[in-house]
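**Q** Provided below for reference: sequence and predicted model.
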Amino acid sequence: METTKRTASVSIHNNTSKPVVGISLIHKYSDVYKHRKEWGAIPAGDSSQDSLQVEYNTGFFTTGRDWWFISWYSQDMKTLYYSNPQNFRGAFDAFEKGVSGDAIAYAGTLLSPISIVTGGVLALPAALAAGAAAKSTTDALFSSEDTSGFKQHILRDEDAGKTTEIVINEDQTITFKSQSGNSETVYTSRTAPGR
């Protein structure tokens, strides 16, 4: 069996009691493919309206692995949450180098407790600010080839053309749900840069 390039969709589900904003997701298939997406906000109990399309390879001669990193903010932009598998030190180092406190502070001024409206739609300035903060948060991680701090969750043949759901849970866990199986990691938090 030879190597086959495949694609799948990835969505985020907020299985917590509070909205999450400034969400950023990075997928790396070893050093072959890199993908990222930002979302402005996902209300409590809701899922992202659109998904990230990712590429990966399957087949006997494939050696690549799928690596994932997700981060988000509390609604007031004062707390940064991020996936935290045991190899998290590299991700923390990249945060220290790459996160713009100015972008987070600006987004925080636009995101008041009433900013999230019915259906999870933010007012346009707040949505743009949250997206910019999310992108700023993970720029250094996306640019790097390193996968320290990333969760491994392998996509298989049967995941092609399907949606993998990443679930942010209330108990500080993150569940990756794919057709081929589930995996889990934990997340942690810290004071947002610039706050």
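**A** Noted; the coordinates are in hand.

**Q** ranges for the strands of this protein?
**A** Using DSSP state E, the strands of the chain run over 4-15, 20-29, 33-42, 52-58, 66-73, 79-83, 151-152, 163-169, 173-178, 181-191.

**Q** just the pLDDT for residue 98.
**A** For residue 98, the model assigns a pLDDT of 51.

**Q** where does the protein have its least confident helix or strand?
**A** The weakest-scoring helix or strand in the chain, judged by mean pLDDT, DSSP states H and E, is helix 101-110 (a mean of 48).

**Q** any weak-confidence spans in this structure?
**A** Within the chain, the stretches with pLDDT under 70 are 1, 86-129, 132, 194-195.

**Q** rerun at 90
**A** Counting by pLDDT under 90, the chain has low-confidence residues at 1-3, 30-31, 40, 59-64, 75-78, 84-150, 190-195.

**Q** ends of stretch 148-159, what's the gap?
**A** Start and end residues of stretch 148-159 are separated by 24 Å (CA to CA, to the nearest Å).

**Q** in it, what's buried?
**A** Under the neighbour-count criterion of 16 or more other CB atoms under 10 Å, stretch 148-159 has 148-151, 153-155, 159 buried. From N, CA and C alone the C-beta is placed, and that goes for glycine too.

**Q** specify the beta-bridge partners of the closest residue to residue 20 other than its chain neighbours.
**A** Once flanking residues are discounted, residue 20 sits nearest to residue 72: 4.3 Å by CB to CB, 6 or more residues apart in numbering. Beta-bridge partners for residue 72, by DSSP bridges, are residue 81.

**Q** now swap in residue 29 and tell me
**A** Assessed by DSSP bridges, residue 29 has beta-bridge partners residue 33, residue 66.

**Q** looking at it, it is touching residue 57, isn't it?
**A** Yes. Using CB atoms under 8 Å, residue 29 makes contact with residue 57 at a distance of 6.9 Å.

**Q** need the residues touching each of those two.
**A** Listed as contacting both residue 29 and residue 57 by CB atoms under 8 Å, 6 or more residues apart in numbering are residue 64.

**Q** OK, contacts around residue 70?
**A** By CB under 8 Å, 6+ apart, the contact set of residue 70 is 12, 23-26, 82-83, 166, 168, 174, 187.

**Q** and if we set it to 6 Å?
**A** 25, 83 (CB atoms under 6 Å, 6 or more residues apart in numbering).

**Q** relative to residue 158, how far out is it?
**A** The spacing between residue 70 and residue 158, counted by CB to CB, to the nearest Å, is 23 Å.

**Q** what does residue 172 give?
**A** For residue 172 relative to residue 158 (CB to CB), the value is 29 Å.

**Q** check residue 181 too.
**A** In terms of CB to CB, residue 181 sits 9 Å off from residue 158.

**Q** and residue 76, by the same measure?
**A** Look at residue 76 and residue 158: by CB to CB, they are 41 Å apart.
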